[in-house]
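Chemist: what shape does this take:
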Amino acid sequence: MLITCDVSSIADLLKSKGRAKPKLGLDDVPQYIRQELGLHGMNLTTDLLAGADRPRLERLRDRADKSGCACLMLRDPDPQPLAHEKKADAAADRVRRVLQAAHALGCNAAAISIAAKDNENDREHVIESIRSVMDTAEKLELNLLISPTEGLTSRPDDLTELIKKIGGFRVGTLPDFDAAAADEDPALYLRRLTPYASVINASLHEFEDAEPSDEMDDDAPGSLEDLANMLMDTDAPTHTTFDIVPMLGAIKAVGFEGTLAIAYKGSEEGTLGVLKARDAIEAAFETLAADA
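Modeler: Sure thing, here's the model as predicted:
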């Protein structure tokens, strides 16, 4: 499993403040993620590419490849009205453009969410709309991933059934930790969606830094070794918004081998948040391995 970075996590570095230039240019993002965050891939959102033409996207792809931090997925954060009588055609065109931009960036996948009500009429319109864009996905050899959102795709079984009805091998899911955490059984939620996923969005928020205990039993056999192990175990911060260990356990249990994208949304500076998220995820996997 490859841990990557959703660039929205560090969007604060890409924004101008007053007359000051952004701290980071978009072309410099891949090298920053690789060297400063220690991650080997990135996902982009379409809002970060406003005004970019194809040569601009191809230049970013080349910079990413040279940095050893390829762009793996392009995600459109705005739900598309693929069931709307008057807006569905324009929404389908939007999805095609996202696929084409993802291809120019060298991505393996593009991701969307769908604005539709949970009823049979909207479901049939969405199936028709997505089928109409799958020729583009096939031609470009890209996967189209559907991220769950309110309405038609809010429940795992409804989303997987939608994917089955669309058909083909190029359409899948983009599970998200936030959506899982909102479910009554987050682990089960992820176990249902992950088999259809090549990417999982690890949306993470607030962390608490671990502190080593002041207490130590000097008379306990092996106490110095125990203390060393304790210090190593407490290096990683704990995600406090929700428990990520059962979520990671769920995706591991179903044999997920795709990419886990850190999407930091907390109150700290983005770089620090991503680093804490990375350490917390790695520590959680170590815990799961030790308990296996």
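Chemist: would you map the helices across the stretch 1-150 of the chain?
Modeler: Here the stretch 1-150 of the chain has its helices, by DSSP state H, counting those that start in this stretch, at 29-36, 54-67, 88-104, 120-140.
Chemist: could you dump those helices to CSV with mean pLDDT, distance to Met73 and mean neighbour count?
Modeler: No exception for glycine: its C-beta is placed from N, CA and C like everyone else's. Converted to CSV, the helices of the stretch 1-150 of the chain look like this (pLDDT from 0 to 100; distance: least, Cβ to Cβ, whole Å; neighbours: other Cβ atoms under 10 Å):
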stretch, mean pLDDT, distance to Met73, mean neighbour count
helix 29-36, 97, 14, 20
helix 54-67, 96, 12, 16
helix 88-104, 98, 7, 19
helix 120-140, 97, 13, 17
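Chemist: Ala283: which of those helices is closest?
Modeler: helix 29-36 (19.9 Å; Cβ to Cβ).
Chemist: which residues are contacting the closest one?
Modeler: Residues outside helix 29-36 that contact it (Cβ atoms under 8 Å, 6 or more residues apart in numbering): 5, 7, 10, 13-14, 24, 39-42, 60, 63-64, 66-71, 271.
Chemist: mind running it again at 10 Å?
Modeler: Helix 29-36 is contacted from outside by 4-5, 7, 9-10, 13-14, 23-25, 39-42, 44, 48, 60-71, 262, 271, 274-275, using Cβ atoms under 10 Å, 6 or more residues apart in numbering.
Chemist: hmm, back to that, adding distance to Asp279, write the helices of the stretch 1-150 of the chain out as CSV.
Modeler: Output for the helices of the stretch 1-150 of the chain, formatted as CSV (distance: least, Cβ to Cβ, whole Å):
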stretch, distance to Asp279
helix 29-36, 14
helix 54-67, 22
helix 88-104, 30
helix 120-140, 35
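Chemist: can you say which of the contacts of helix 29-36 are buried?
Modeler: 4-5, 7, 9-10, 13-14, 24, 39-42, 44, 48, 60-61, 63-64, 67, 69-71, 262, 271, 274-275 (16 or more other Cβ atoms under 10 Å).
Chemist: which ones among those residues map onto strands?
Modeler: Using DSSP state E, the subset of those located in strands is 4-5, 41-42, 44, 70-71, 262.
Chemist: ok, now which ones touch Ile112?
Modeler: Contacts for Ile112 were tallied using Cβ under 10 Å, 6+ apart; they are 46, 74-80, 82, 91, 94-95, 98-99, 130, 133, 144-147, 149, 174.
Chemist: now stretch 193-207 - C-alpha only, PDB.
Modeler: Output of stretch 193-207 as PDB, limited to C-alpha atoms (Å, rounded to 0.1, in the frame of the first residue of the first chain):
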ATOM      1  CA  LEU A 193     -16.500   0.000  -0.500                       C
ATOM      2  CA  THR A 194     -12.800  -0.900  -0.500                       C
ATOM      3  CA  PRO A 195     -13.000  -3.900  -2.900                       C
ATOM      4  CA  TYR A 196     -14.100  -1.500  -5.600                       C
ATOM      5  CA  ALA A 197     -11.400   1.100  -4.800                       C
ATOM      6  CA  SER A 198      -7.900   1.800  -6.200                       C
ATOM      7  CA  VAL A 199      -7.500   4.900  -4.000                       C
ATOM      8  CA  ILE A 200      -8.800   5.700  -0.500                       C
ATOM      9  CA  ASN A 201      -9.000   9.300   0.800                       C
ATOM     10  CA  ALA A 202      -7.700   9.400   4.400                       C
ATOM     11  CA  SER A 203      -9.400  12.600   5.500                       C
ATOM     12  CA  LEU A 204      -7.800  13.400   8.900                       C
ATOM     13  CA  HIS A 205      -8.300  16.300  11.300                       C
ATOM     14  CA  GLU A 206      -6.900  16.900  14.800                       C
ATOM     15  CA  PHE A 207      -4.000  15.200  16.500                       C
END
